[in-house]
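[1] Here's a sequence, model it:
(one chain, ligands or ions: 1)
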Amino acid sequence: MKLAILARTDKRVQMELGETDPMIANALRRTLIADVPKMAIEDVEFHLGPIRSEDGKEYESIAPLFDEILAHRLGLVPLPTDLDLFVPKATCKTCGGEGCTNCTIIYSINKRGPGMVSSGDLEPIGDPKLRPPDAKIPLVQLGDGQAMLVYATAVLGTGRDHAKWQPTTAIAYKYRPTVDIDNKKMDPKKFPVEVCPVDILHHEDGKVVVRDEEKCTLCNACVEYAKKQGWDGAFKVRGDPARILLGFETDGSIPAVRALEEALGILERRFADLAGQMEELT
Ligand SMILES: [Zn+2]
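    As a prediction, this is how the structure comes out:
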């Protein structure tokens, strides 16, 4: 399989897979969703009883949402994940599963109402680089006299166990489209290029031409219009299953390219495992 990155930002990758087939693209898609790990909040400890501020004012540790709902919302906040550092807590060699800086991040929230508690109020205990990358995710609105004192522990996990550990979103792939135009089989000047819903057809020197071919959605609107005019064969639109365009985003917890490298590594190890087991059988 060949892989070419067509466009990349920190949070998004668009690539073309060559000499491949849909099974491989789908295996990569599923690995990106279910097997690339990230950190997410798993345990939340709520302080109960009154909370006193420095000036002596007393607040009630109560919020308009149930603690379970708040814990769930905290779990869904994307957290920065260094895949070279963090390991799953259960198999952490440093602490033997007790919890240490290699397998957990501990956050605190100490907020007094009235006001909105948001992801930016999650204060990491230790390295300030571990603050959530998106500080504006609303969690709960506190009323006057209400306060929240919470300790939350994040651990490494995968989307296979819960969607909160899924670092990638909006993963989609399609066959690489090709649009062949035979201008001799139609009257190109009379062809309305706006028939194409993604605007990739254009008039140029009395001909119809295609630009940004990869944006074609294989909708066949041009083929059908030509057919109605009796211009059979003027357009040929095909998707090539051996060339696949695949794109995805991450939630900010890991750079998109790193998630891709991780997914490819997981697939490689899995196929090597399988090959090893096959050899044992024969
Ligand atoms: Zn540990």
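[2] Which positions in whichever strand or helix holds residue 279 come out as buried?
    Per DSSP states H and E, residue 279 falls inside helix 256-281. Within helix 256-281, the residues scored as buried using 16 or more other Cβ atoms under 10 Å are 256, 257, 258, 259, 260, 262, 263, 266, 267. Placement of C-beta: from N, CA and C, glycine included.
[3] for that helix, packing partners?
    Helices and strands touching helix 256-281, by 3 or more Cβ pairs under 8 Å, 6 or more residues apart in numbering; DSSP states H and E, are strand 2-8, strand 12-18, helix 22-34, strand 235-250.
[4] mind redoing it with 10 Å?
    Using 3 or more Cβ pairs under 10 Å, 6 or more residues apart in numbering; DSSP states H and E as the contact test, the elements touching helix 256-281 are strand 2-8, strand 12-18, helix 22-34, strand 168-181, strand 235-250.
[5] Adding distance to the ion, mean pLDDT and mean neighbour count, write these out as a markdown table.
    Shown next, in a markdown table, are these (distance: least, Cβ to the ion, whole Å; pLDDT from 0 to 100; neighbours: other Cβ atoms under 10 Å):
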| stretch | distance to the ion | mean pLDDT | mean neighbour count |
| --- | --- | --- | --- |
| strand 2-8 | 33 | 94 | 11 |
| strand 12-18 | 31 | 96 | 18 |
| helix 22-34 | 24 | 95 | 18 |
| strand 168-181 | 25 | 94 | 16 |
| strand 235-250 | 25 | 95 | 18 |
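[6] Including distance to residue 64, could these go into JSON lines?
    Below are the helices and strands packed on helix 256-281 laid out as JSON lines (distance: least, Cβ to Cβ, whole Å):
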{"stretch": "strand 2-8", "distance to residue 64": "41"}
{"stretch": "strand 12-18", "distance to residue 64": "35"}
{"stretch": "helix 22-34", "distance to residue 64": "33"}
{"stretch": "strand 168-181", "distance to residue 64": "28"}
{"stretch": "strand 235-250", "distance to residue 64": "31"}
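[7] So for residue 213, which of those sits nearest?
    strand 168-181 (5.6 Å; Cβ to Cβ).
[8] and the closest one, which strands flank it?
    As defined by DSSP bridges, the strand partners of strand 168-181 come to strand 235-250 (antiparallel).
[9] Which residue ranges of the stretch 51-200 of the chain form strands?
    Taking DSSP state E, counting those that start in this stretch as the test, the strands found in the stretch 51-200 of the chain are 58-60, 104-112, 115-118, 123-124, 138-142, 147-157, 168-181.
[10] Give me the buried positions along the fifth one.
    For strand 138-142, burial by neighbour count (16+ other Cβ under 10 Å) applies to 139, 140, 142.
[11] Which residue is the nearest non-sequential neighbour of the last one?
    Nearest residue to residue 142, sequence neighbours excluded (Cβ to Cβ, 6 or more residues apart in numbering): residue 113, at 3.0 Å.
[12] tell me the contacts of that neighbour?
    59-60, 62-64, 140-148 (Cβ atoms under 10 Å, 6 or more residues apart in numbering).
[13] Per-residue pLDDT of it, please?
    As predicted, residue 113 sits at a pLDDT of 85.
[14] now swap in residue 66 and tell me
    For residue 66, the model assigns a pLDDT of 94.
[15] Can you give me every residue that contacts it?
    Each residue near residue 66 by Cβ under 10 Å, 6+ apart is listed here: residue 72.
[16] how much space between it and residue 41?
    16 Å (Cβ to Cβ, to the nearest Å).
[17] Next, the residue of the stretch 101-250 of the chain found nearest the ion: phi, psi?
    Closest contact between the stretch 101-250 of the chain and the ion, by Cβ to the ion, is at residue 103 (3.4 Å). Dihedral pair for residue 103: phi -130, psi -10, per degrees, to the nearest 10.
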